[in-house]
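In: Give me a 3D structure for the following:
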Amino acid sequence: AELDTLSAFSRFSVEQATCTLDTDRENILSVIQSSYGTYDDFDRAVRGLFAERLDPNAVPSRSASSYRAPSGADASRRTASELGWPM
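Out: Sure, this is the predicted structure:
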């Protein structure tokens, strides 16, 4: 089961993710793109984080921390209204 989970996360793609509301998906993708630059960079960060958590013996080719959002573009430090989300 753990191998299946690791395998699933190794193929993770935010572009394949769905939301109940299209507007939620658009907002989330917008935040990801403004924070990480590209979906590929975000995908690599997610894959790296889960690979490290699921297999502590794995040595990723690049640390997941190298894929974190650049300074100043960190959406987690902004309020929903600053991100343009409806309140």
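In: switch to C-alpha atoms for all contacts and neighbour counts from now on
Out: Noted.
In: I'd like the average pLDDT over stretch 22-32.
Out: Averaging pLDDT along stretch 22-32 gives 95.
In: export that stretch as CSV, just CAs?
Out: Taking C-alpha atoms only, stretch 22-32 is exported to CSV below (Å, rounded to 0.1, in the frame of the first residue of the first chain):
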residue,chain,number,x,y,z
ASP,A,22,-14.3,25.8,-11.3
THR,A,23,-13.6,29.1,-9.7
ASP,A,24,-11.9,27.4,-6.7
ARG,A,25,-9.6,25.5,-9.1
GLU,A,26,-8.8,28.7,-11.0
ASN,A,27,-8.0,30.6,-7.8
ILE,A,28,-5.8,27.7,-6.4
LEU,A,29,-3.9,27.4,-9.7
SER,A,30,-3.4,31.1,-9.8
VAL,A,31,-1.9,31.1,-6.4
ILE,A,32,0.3,28.2,-7.2
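In: ok, and for it, which residues are buried?
Out: Neighbour counts over stretch 22-32 (16 or more other Cα atoms under 10 Å) mark 25, 29-32 as buried.
In: again with stretch 42-55
Out: Buried residues in stretch 42-55, counted by 16+ other Cα under 10 Å: 42-52.
In: Tabulate those residues (CSV), appending secondary structure and pLDDT.
Out: As requested, the buried residues of stretch 42-55 are exported to CSV (DSSP: H, G, I helix; E, B strand; the rest coil; pLDDT from 0 to 100):
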residue, secondary structure, pLDDT
F42, helix, 94
D43, helix, 94
R44, helix, 92
A45, helix, 91
V46, helix, 90
R47, helix, 88
G48, helix, 87
L49, helix, 86
F50, helix, 82
A51, helix, 79
E52, helix, 80
